[in-house]
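Participant: predicted coordinates and the sequence they were generated for:
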Amino acid sequence: MKAHDGLLPPLKSGGRHFLDLHSVAAEELRKIIDDAKAQKAARAHLPKGAADPDLSFQGELLAMIFEKPSTRTRVSFDVGMRQLGGQSLVLSGQDMQLGRGESVPDTALVLNRYVDAIMIRTNEHKNLLEMAENAEVPVINGLTDDSHPCQIMADVMTFEEHQGQITGKRLCWTGDGNNVSHSFMEAAALFGFSLTLACPETLDPSPRFLNWARAQGGDVTIERDVDKAVEGADAVIADTWFSMGDTSTTRESRHNQLAPYQVTARLMDQANDSAIFLHCLPAHRGEEATTEVMEGPQSVIFDEAENRLHVQKSIIRWCLGVI
């Protein structure tokens, strides 16, 4: 299979890559979510640094490669691997020969000899796919410019904690059609919920992800009128308007385009009375959402951040064949 198809087969060792939601069967995604809920419940009264009651691993090592800064991804994978009984190793792209021109395939072939799994947070999606094609150990997508599947798994878990089964529910995304929105579109098809994206035409999500979701029967629509998009939603979702590396000129342009899509208390009133507000963080209060919304009773953003830990532990367990 070609490296850039985005769909790579299971490893010969029996492990599995977690590259994008569309590369994992819907029933397997549900298995991961259910396992994360059970794992979270089992830890309810344990100290944060305590090992899980039933250890999954005995010293297995996760290498974490970061080409972009990170708070939640780095800490949640690190803490999660320790709680599972394993160990983690943090690697910056600039600290590795990868940042000095060594190829991704060569890096993967070396890491095969040292570690049991690899999580990579990278810019270009092709780096993730090349790593997976050449690794004999599971590779997990910690974020690329194309997608962010671990985040959406945490979002589904958080939604279901507050709103019940996500299948058949209605969610609304507001703002930039970015990598997180791409994974949300995949999730809509795989978990069976309706997703409306309110975006300016200049910042629409990639047609590739939209077309895939619709081809799989996903109920995914784009609506320019943000009030109409939010009407009757069970969850309203926002993300930062500015990616790392945006110039001041870019920021001004994007701000002008996205200002009408800011999530305010008035906009939340258009959603269902029980609707929740999701944001993957980091957030810029007063831009993509007001402080009133982010700190209000409908906001579940810190539950969402915590659930990165639990769901990623289950992703690691799934990749290494525990579940």
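Facilitator: On my side now, so go ahead.

Participant: quick check, distance from stretch 55-68 to the centre of its chain.
Facilitator: Distance of stretch 55-68 from the chain centroid (Cα atoms, centre = their mean, to the nearest Å) equals 18 Å.

Participant: same question, stretch 74-91
Facilitator: On the basis of Cα atoms, centre = their mean, stretch 74-91 sits 17 Å off its chain's mean C-alpha point.

Participant: and that stretch, what's buried?
Facilitator: Under the neighbour-count criterion of 16 or more other Cβ atoms under 10 Å, stretch 74-91 has 74, 76-84, 86, 88, 91 buried. Any C-beta I mention is one placed from the backbone N, CA and C, and that applies to glycine too.

Participant: farthest-apart pair in the residues you listed, please.
Facilitator: Greatest spacing in the buried residues of stretch 74-91, by Cβ to Cβ: 83 and 91 (20.6 Å).

Participant: wait, which of the buried residues of stretch 74-91 is closest to residue 304?
Facilitator: Nearest to residue 304 among the buried residues of stretch 74-91: residue 76, at 11.4 Å, using Cβ to Cβ.

Participant: pLDDT averaged over the helix or strand encompassing that closest one - what is it?
Facilitator: Element membership for residue 76, per DSSP states H and E: helix 72-83. Averaged across helix 72-83, pLDDT comes to 97.

Participant: now for that helix, which elements pack on it?
Facilitator: strand 61-66, strand 87-92, strand 117-121, strand 139-143, helix 301-319 (3 or more Cβ pairs under 8 Å, 6 or more residues apart in numbering; DSSP states H and E).

Participant: which one, of these, ends up nearest to residue 10?
Facilitator: The nearest among the helices and strands packed on helix 72-83, by Cβ to Cβ, is helix 301-319 at 10.0 Å.

Participant: okay, the angle between that closest one and strand 61-66?
Facilitator: 130 degrees (axes from the mean of the first three to the mean of the last three Cα atoms, to 10 degrees).

Participant: then helix 301-319 to CSV, C-alphas only?
Facilitator: C-alpha atoms of helix 301-319 as CSV (Å, rounded to 0.1, in the frame of the first residue of the first chain):
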residue,chain,number,x,y,z
ILE,A,301,-13.7,22.3,28.1
PHE,A,302,-11.7,21.1,31.1
ASP,A,303,-13.5,17.8,31.2
GLU,A,304,-12.6,17.6,27.6
ALA,A,305,-9.0,18.3,28.4
GLU,A,306,-8.9,15.7,31.1
ASN,A,307,-10.4,13.1,28.8
ARG,A,308,-7.4,13.4,26.5
LEU,A,309,-5.6,11.4,29.2
HIS,A,310,-8.2,8.6,29.5
VAL,A,311,-8.9,8.1,25.8
GLN,A,312,-5.3,8.2,24.8
LYS,A,313,-4.5,5.5,27.3
SER,A,314,-7.1,3.4,25.6
ILE,A,315,-5.7,4.2,22.2
ILE,A,316,-2.3,3.0,23.4
ARG,A,317,-3.9,-0.2,24.8
TRP,A,318,-5.6,-0.8,21.5
CYS,A,319,-2.5,-0.2,19.5
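
Participant: just how off-centre is that helix within its chain?
Facilitator: Using Cα atoms, centre = their mean, the mean C-alpha position of helix 301-319 is found 10 Å from that of the whole chain.

Participant: likewise for stretch 34-47?
Facilitator: That offset, for stretch 34-47, works out to 20 Å (Cα atoms, centre = their mean).

Participant: and for stretch 64-77?
Facilitator: Counting by Cα atoms, centre = their mean, stretch 64-77 is centred 12 Å from the centre of its parent chain.

Participant: what's that stretch in contact with?
Facilitator: Outside stretch 64-77, the residues within contact range by Cβ atoms under 8 Å, 6 or more residues apart in numbering are 62, 78, 88-93, 96, 98-99, 118-123, 127, 142-143, 150, 244, 280-282, 305, 308-309, 312, 316.
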